[in-house]
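Chemist: sequence-free structure coming up:
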């Protein structure tokens, strides 16, 4: 008997995402409307709405739905916002960002992720997304954004990441040492001279390529 994806989608929203303090109606409607199974590899389609990370190539993984929901809610997105996503992955969160904002630039170090996401996003007519193969640790977009979503962990937040956020803008990032990383929301003050910080939750996700802690041997 084929899986009822519509029921699985509603169950994910009501039993996973909403109970994890994701209450923004726009976010819930976006997650409840997008077909997550279309962004999952064929072997894992039946697990598209499970409360687990799903494997991707290159040792990467698709974030749990609850974390994706918290990212979208924390960034407090508006229809006029420009967004930068670091770590395109499957393209699912990219699609969510595109439904909630004016324009999305999404980068990933893996070109095959970019090309696959391009096909998936075109299939649902996500026309406000620009995809680019790039290494976040050397990337220079040449401009700033209202919101920045970093979908992989970093040991510490690189200064260049902070430069991407315009005054009054926000960045979601997971930082620290596994297995007790901290998801935080960084908000740039309107005068651009400082930041406010909100701790959101603890988690353990894969690091961005090149952003893991450097382990030093002590004699």
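Modeler: Thanks, I have the structure now. Treat the numbers as computed from the prediction; the structure is a model and nothing was measured. Residues are numbered from 1 along each chain as shown.

Chemist: Report the buried residues of stretch 98-108.
Modeler: Across stretch 98-108, burial judged by 16 or more other CB atoms under 10 Å covers 98-101, 103-108. From N, CA and C alone the C-beta is placed, and that goes for glycine too.

Chemist: and the residue sitting nearest the centre point of the chain, what does it touch?
Modeler: Note on the chain: the residue nearest the mean C-alpha position is residue 151, at 4.0 Å, using CA atoms, centre = their mean. Shown in contact with residue 151 (CB atoms under 8 Å, 6 or more residues apart in numbering): 63, 71, 85-87, 89, 93.

Chemist: what separates it from residue 44, distance-wise?
Modeler: Residue 151 sits at a distance of 18 Å from residue 44 (criterion: CB to CB, to the nearest Å).

Chemist: ditto for residue 75
Modeler: For residue 75, the distance to residue 44 equals 27 Å [CB to CB].

Chemist: Of these two, give the one with the bigger neighbour count.
Modeler: Remark: of residue 75 and residue 44, residue 75 carries more neighbours, 23 against 15, as counted by other CB atoms under 10 Å.

Chemist: Distance of the more buried one relative to residue 151?
Modeler: 12 Å.

Chemist: Check residue 42 too.
Modeler: Separation of residue 42 from residue 151 (CB to CB) stands at 22 Å.

Chemist: likewise residue 200?
Modeler: For residue 200, the distance to residue 151 (CB to CB) stands at 14 Å.

Chemist: shaky segments in this protein?
Modeler: The chain contains residues with pLDDT under 70 at 1, 216-219.

Chemist: Tell me which stretches of it form helices.
Modeler: 5-12, 25-33, 65-74, 92-100, 111-123, 159-163 (DSSP state H).

Chemist: can you put the ones you listed in JSON lines and add distance to residue 180?
Modeler: Shown next, in JSON lines, are those (distance: least, CB to CB, whole Å):
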{"stretch": "helix 5-12", "distance to residue 180": "26"}
{"stretch": "helix 25-33", "distance to residue 180": "26"}
{"stretch": "helix 65-74", "distance to residue 180": "15"}
{"stretch": "helix 92-100", "distance to residue 180": "23"}
{"stretch": "helix 111-123", "distance to residue 180": "27"}
{"stretch": "helix 159-163", "distance to residue 180": "21"}
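
Chemist: Indicate which one of those helices is closest to residue 183.
Modeler: Each of the helices of the chain has some distance to residue 183 by CB to CB; the shortest is helix 65-74, at 7.1 Å.

Chemist: didn't residue 87 look like it was pressed against residue 108?
Modeler: Yes: in this structure residue 87 lies within contact range of residue 108 using CB atoms under 8 Å: 6.0 Å.

Chemist: what ranges do the strands span in the chain?
Modeler: Secondary structure of the chain (DSSP state E): strands located at 54-55, 61-62, 82-86, 103-108, 129-133, 145-154, 165-175, 181-188, 195-203.

Chemist: Any chance of CSV for the ones you listed, columns distance to residue 10?
Modeler: Formatted as CSV, the strands of the chain follow (distance: least, CB to CB, whole Å):
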stretch, distance to residue 10
strand 54-55, 19
strand 61-62, 20
strand 82-86, 26
strand 103-108, 26
strand 129-133, 26
strand 145-154, 25
strand 165-175, 26
strand 181-188, 26
strand 195-203, 24
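
Chemist: among those, which is nearest residue 19?
Modeler: Among the strands of the chain, the nearest to residue 19 by CB to CB is strand 195-203 (13.2 Å).
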